[in-house]
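> fold the following.
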Amino acid sequence: MSLNPSYLEYPHRSEGMDHAWYPYSNIMERPAITWPDGKKLALLVQPLLEYFPLEAVDKPFKAPGHMVTPYPDLRHYSSREYGTRVGYYRFLDAFAKHGIKATVAMNAAIASRYPSIAKDTIAGGHEIIAHSTDMNGLQYGGMSEDDERALIADALTDLEAVTGSKPAGWRSVAQTHSFGTLDLLAEHGVRYTCDWVNDDLPYAMNTKSGPLAALPVNHELSDRQILVVCQQSAESYVEQIKDAALWLLEEADKTGAGRMLTLTLTPYIAGLPYRIDALEGLLDWLSAQDGVWSATGSEIVKAAGLS
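Below you'll find the predicted structure:
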């Protein structure tokens, strides 16, 4: 029995993606993005400042880094707190020493509970973007639109109350979305998201509430992935980031088009005393490269013509 030809007819079939948030685009064929002062590589340094409640929510899953042993999991809870008490301040010192402008993804609970951290971040010339309410603030398919809208509003409002300005950017917990997240972010005035990992350049996304920029953040190069999940050394982490930067710089040289590299840094991981020296050396190396431009997320979005 042959297949009826009608089974192969799809009224919505089209070239490219299976959604309407952005069209397919080959990085080698799209119009070039150039960075200020002829720089070749935009460097987005993104520390994660996260508050882990003692009691983890596991619907639909526990966020990476959450409590893992039976409640109360004080060992993991206090190790996460090491990041806000010690590790993050090592980051701030390193950024100041090497002229790095960071874009800090901050849970609203961090700003509310420890406003001095938010104020020290701003005083250092860094940008703060929203990273949900806390590490129980997941966004996912099946979440009600009203609940997600309220979560986004609470995170933005609480951060603005402490910092004095509404965050321009958003990074979801575990970089997860529902099918409505992009629309809701744009509805609340967010200008860019750091949740998609499919490029080496910023690009425009379409939402029901207008355009939204995507700044690519590749989780394969995060300190958590390399140092914790893959159990590699700090020296191996540094080598891999350098390899990525050198490749992107060479590619930018050949094509005449800029590239972008994001460093996701976790204070209770890379801020430990036996790893911070390696991170300091990496930042020193990156800042010494003529083609590298250290910039905040908002600066990158503007330079890419997406603001």
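> so what pLDDT did residue 255 get?
Looking at residue 255, its pLDDT stands at 94.
> do I have it right that it meets residue 29?
No: the pair residue 255 / residue 29 is not scored as a contact, 10.4 Å apart, by C-beta atoms under 8 Å. C-beta here means a position set from N, CA and C on the backbone, and glycine is covered the same way.
> so which of the two has more stuff around it?
Per other C-beta atoms under 10 Å, whichever of residue 255 and residue 29 has more neighbours is residue 255, with 13 against 6.
> next one: that one from residue 32, what distance?
Separation of residue 255 from residue 32 (C-beta to C-beta, to the nearest Å): 7 Å.
> same deal with residue 46?
Per C-beta to C-beta, residue 46 is found 24 Å from residue 32.
> okay, helices next: where are they in this structure?
74-82, 88-98, 108-113, 115-123, 145-163, 181-187, 223, 234-255, 267-270, 276-288, 297-303 (DSSP state H).
> residues of stretch 255-274 that come out buried?
257-272 (16 or more other C-beta atoms under 10 Å).
> now it, how far from the centre of its chain.
Once both centres are worked out by C-alpha atoms, centre = their mean, to the nearest Å, stretch 255-274 turns out to sit 10 Å from its chain's centre.
> most centrally placed residue in the chain?
Geometric centre of the chain, nearest residue: residue 194, 4.1 Å, by C-alpha atoms, centre = their mean.
> in contact with that one, which residues?
Residue 194 makes contact with 46, 103, 105, 129, 169-171, 175, 214-215, 217, 262, 297 under the criterion C-beta atoms under 8 Å, 6 or more residues apart in numbering.
> which of those residues lies closest to residue 290?
Distances from residue 290 to those, taken as C-beta to C-beta, are shortest for residue 262 (20.0 Å).
> re earlier: which ones among the contacts of residue 194 map onto strands?
46, 103, 105, 129, 169-170, 214, 262 (DSSP state E).
> now those residues in CSV, with pLDDT?
Listed next are the ones in strands among the contacts of residue 194 as CSV, based on pLDDT from 0 to 100:
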residue, pLDDT
46, 98
103, 98
105, 98
129, 98
169, 98
170, 98
214, 98
262, 97
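> columns distance to residue 60 on top of the residues you listed, output as a markdown table?
Shown next, in a markdown table, are the ones in strands among the contacts of residue 194 (distance: C-beta to C-beta, whole Å):
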| residue | distance to residue 60 |
| --- | --- |
| 46 | 25 |
| 103 | 28 |
| 105 | 21 |
| 129 | 24 |
| 169 | 25 |
| 170 | 20 |
| 214 | 23 |
| 262 | 26 |
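> and stretch 106-113, which residues are buried?
For stretch 106-113, a neighbour-count test (16+ other C-beta under 10 Å) marks 106-112 as buried.
> gap between it and the chain center?
Remark: stretch 106-113 is offset 16 Å from the chain centroid, using C-alpha atoms, centre = their mean.
> was I right about residue 98 contacting residue 285?
No: contact criterion C-beta under 8 Å: residue 98 and residue 285 do not qualify, at 9.3 Å.
> these two: which has the busier surroundings?
residue 98 (18 against 15).
> could you check how far the more buried one is from residue 292?
11 Å.
> anything in contact with each of those two?
Applying C-beta under 8 Å, 6+ apart, one finds that residue 98 and residue 292 are jointly contacted by residue 286.
> returning to that earlier point: quick check, pLDDT for the nearest residue to the residue nearest to the centre of the chain once chain neighbours are set aside.
Using C-beta to C-beta, 6 or more residues apart in numbering and skipping residues adjacent in sequence, the residue nearest residue 194 is residue 171, 4.2 Å away. Note for residue 171: predicted pLDDT of 98.
> ok, residue 171 - contacts?
Neighbouring residues of residue 171 by C-beta under 8 Å, 6+ apart: 46, 48, 105, 129-131, 193-195, 217.
> lowest-confidence entry in those?
For these, the weakest pLDDT value sits at residue 217, with 93.
> give me the number of residues near it?
If you count neighbours by other C-beta under 10 Å, residue 217 ends up with 22.
> I'd say it and residue 103 touch.
No: assessed by C-beta under 8 Å, residue 217 is found out of contact with residue 103, at 10.1 Å.
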